[in-house]
Structures are given as structure tokens and as C-alpha cells.
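Enquirer: Provide a 3D model corresponding to the input given below.
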Amino acid sequence: MSSTVISEADVLKVAKLANIKLSPEKIAIFAKQLEPILKYFIKLNKVNITNVAPTYQVTGQKNILRQDIIDTKRMFTQAQSLANAPQSKNGFFVTKSISKK
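Expert: From the prediction side, this is the model:
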């Protein structure tokens, strides 16, 4: 492979980190696809941005969120929350465990 920015070994390392199994053909394909993307990042890193102010927000809006005020009239007590639960123990809901297969 004539890739200068990313090697097939690099693609294999990333695939391992992402827990993805790739065939040798796919490794070569991904290396070819990633090459121009990484070259573009190299090009972007060469851009002079010394006099450019950081842009965090472009709409001019300040804070459009409401205040986080607790409405105690709409709150359930712990006993009310658990009242219709099929099972509870020590003030908590009891559910079936979730196992990863």
C-alpha cells in the first residue's frame, strides 16, 4: 500500500479499539478511504488562525433555557412513587437484571 498518512496497521489498531472485526480486504478499503480525510486534516492544521477569534456560538442568543425551579406541588413522595410498583425493596424499584449477551 502506498499510503503515507495511515497504514493498514493503524486501521487495524482503530478497529481493535472499536471492537470491530475487519477482513484484510476491508482493512485495505478503510485505509484508502481514511487517507484523503486525514490529508485534509493535515491541510487544515497548516492554516494560520492567529488573528481569528474562537467561535463558540453564532446565533447571538444568550440563554434560552428556563430557570431550573423545583415545583414541590408536582413532586411525589418516595412512598407515592413506589405505590404501584410490582416490586420494591428498601425504597427502590426492583426490576429484572439486564445482562449483556
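
Enquirer: Quick check: which ranges of this protein have low pLDDT?
Expert: 1-3, 101 (pLDDT under 70).

Enquirer: which helix is the longest one in this structure?
Expert: In the chain, assigned by DSSP state H, the helix with the most residues is helix 24-45.

Enquirer: packing partners for the following helix or strand past that helix?
Expert: Counting by DSSP states H and E, the next helix or strand C-terminal to helix 24-45 is helix 78-82. Using 3 or more Cβ pairs under 8 Å, 6 or more residues apart in numbering; DSSP states H and E, no helix or strand is in contact with helix 78-82. C-beta here means a position set from N, CA and C on the backbone, and glycine is covered the same way.

Enquirer: who's in contact with helix 78-82?
Expert: 88, 91, 93 (Cβ atoms under 8 Å, 6 or more residues apart in numbering).

Enquirer: Can you list which of these are found in strands?
Expert: Among the contacts of helix 78-82, the residues falling in strands (DSSP state E) are 88, 93.

Enquirer: Put together CSV for the contacts of helix 78-82, with neighbour count and distance to A15 on each row.
Expert: Shown next, in CSV, are the contacts of helix 78-82 (neighbours: other Cβ atoms under 10 Å; distance: Cβ to Cβ, whole Å):
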residue, neighbour count, distance to A15
S88, 15, 44
G91, 9, 45
F93, 11, 39
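
Enquirer: just the contacts of helix 78-82 now: which is nearest V14?
Expert: The shortest approach to V14 among the contacts of helix 78-82 belongs to F93, at 39.8 Å (Cβ to Cβ).

Enquirer: Now do I6: how many residues are near it, please.
Expert: Residues lying near I6 (other Cβ atoms under 10 Å) number 19.

Enquirer: so how far is I27 from the closest residue to it other than its chain neighbours?
Expert: Once flanking residues are discounted, I6 sits nearest to L34: 5.1 Å by Cβ to Cβ, 6 or more residues apart in numbering. L34 sits 11 Å away from I27, going by Cβ to Cβ, to the nearest Å.
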